[in-house]
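Student: Sequence and predicted structure, then a few things I'm wondering about:
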Amino acid sequence: MFLIFGFFSCQNSKKNALSKPEIEAEDQFYTNPVVNLNFPDPTVIKAENGMYYAYATNTKIDGQPIHIQLLESEDLLHWQTLPDAMPEKPVWADQDFWAPHVTYNDNTQKYYLFYSGESKSPYLGKCLGVAVATSPGGPFVDKGEPLLCGEGFENIDPMVYKDKLSGKNFLYWGSGFENIKVQELSEDFLNFKEGSKAKNLIAPVPGDDPENYENLVEGAWLKKHGGFYYLYYSGDNCCGANTHYAVMVARSKNPTGPFEKFSNKSGKPFILNKNDRWLAPGHNSVITDKKGQDWMMYHAIDNRDPENGRVFLMYKITYENGWPKISGGTPSVSKSKKPKVE
């Protein structure tokens, strides 16, 4: 028997319960979506306090703007809302805060929110910002100036990877029909390391093939497994009437490349694509449960209710012949075993 919980929102409550996925208590199964509300570009982390936190692109709840959405969970399945992770706008940006990534700095013992924002200046364009907090729940306060700006939307979708082997910290970002890039960060995470340079990793692939999702590449996420660094990325159109989006992956022995792209049995680079139920899956993060199982956390559009936006899904990652694999190559539409977090 499945228990179904409905979504509700209460603007006056500090912590709100969200819709829970269908869970079969006896066998510990769940069915997507994990959270049935608009939660684009989800980043999921496990914080130092043992709790899981999910951050997402700006939205409105009960008519009130939320700059960075924030959820909290003990088990990756039952989520509760927390207040806006960055309630005060940075002085340099006015609107559109999206694709957040949060990471912990062991040296400073603080949490760092990297995000995309629209500059107030007509000359700066879209920028990458950095905000700091002592708690994963915020409030995050911007450092006062953008990390990097540029024309169009080239400098978006940041992700930080802390490489244990080298002791270096790397920022991955990019879109706007340009390359996904990487550059080393300073030890305090507030700037790029002095003398470092950006390096191109994954280039867009122009073409009108309906199975080409690389006209535009974005949403980078790096995950090490075994002897490889796996660079997940998405493309090429997340939103709108002509939505056309999927997840690709490349691998390398080094966090800064060179990266070898995955190719499936059809010769295509994507590992996660649409199905009849779920449209435009992508912009994923990866989290590992207590048993060492990796999970892809991503958004997709429910064809049964497209007006609900890009909702929050998850599915386990397996590995085959040295490559990550999503069973069936599409979002799950039936029950799946839940993560092991206890």
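Tutor: Here it is on my side, so go on.
Student: contacts, neighbours, all on C-alpha from now
Tutor: Fine.
Student: how about low-confidence regions in the stretch 1-150 of the chain?
Tutor: 1-27 (pLDDT under 70).
Student: can you give me the helices for it?
Tutor: In the stretch 1-150 of the chain, no helices are defined using DSSP state H, counting those that start in this stretch.
Student: can you map out the strands along the stretch 201-342 of the chain?
Tutor: 218-225, 228-237, 244-252, 260-261, 270-272, 278-288, 294-302, 310-320, 323-325, 336-337 (DSSP state E, counting those that start in this stretch).
Student: can you redo the ones you listed as a markdown table with distance to Gly63, mean neighbour count and mean pLDDT?
Tutor: What follows is these, written out as a markdown table (distance: least, C-alpha to C-alpha, whole Å; neighbours: other C-alpha atoms under 10 Å; pLDDT from 0 to 100):
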| stretch | distance to Gly63 | mean neighbour count | mean pLDDT |
| --- | --- | --- | --- |
| strand 218-225 | 28 | 23 | 98 |
| strand 228-237 | 27 | 23 | 97 |
| strand 244-252 | 28 | 24 | 98 |
| strand 260-261 | 42 | 17 | 96 |
| strand 270-272 | 33 | 23 | 96 |
| strand 278-288 | 26 | 25 | 97 |
| strand 294-302 | 22 | 24 | 98 |
| strand 310-320 | 18 | 20 | 97 |
| strand 323-325 | 39 | 18 | 97 |
| strand 336-337 | 35 | 16 | 91 |
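Student: so can I have a markdown table of those showing distance to Val44?
Tutor: Formatted as a markdown table, the strands of the stretch 201-342 of the chain follow (distance: least, C-alpha to C-alpha, whole Å):
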| stretch | distance to Val44 |
| --- | --- |
| strand 218-225 | 11 |
| strand 228-237 | 15 |
| strand 244-252 | 17 |
| strand 260-261 | 24 |
| strand 270-272 | 18 |
| strand 278-288 | 6 |
| strand 294-302 | 7 |
| strand 310-320 | 11 |
| strand 323-325 | 18 |
| strand 336-337 | 19 |
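Student: and Asp62, which of these is closest to it?
Tutor: Asp62 sits nearest to strand 310-320 of all the strands of the stretch 201-342 of the chain, at 17.4 Å, using C-alpha to C-alpha.
Student: returning to what we had before: which one of the strands of the stretch 201-342 of the chain lies closest to Pro146?
Tutor: strand 218-225 (19.1 Å).
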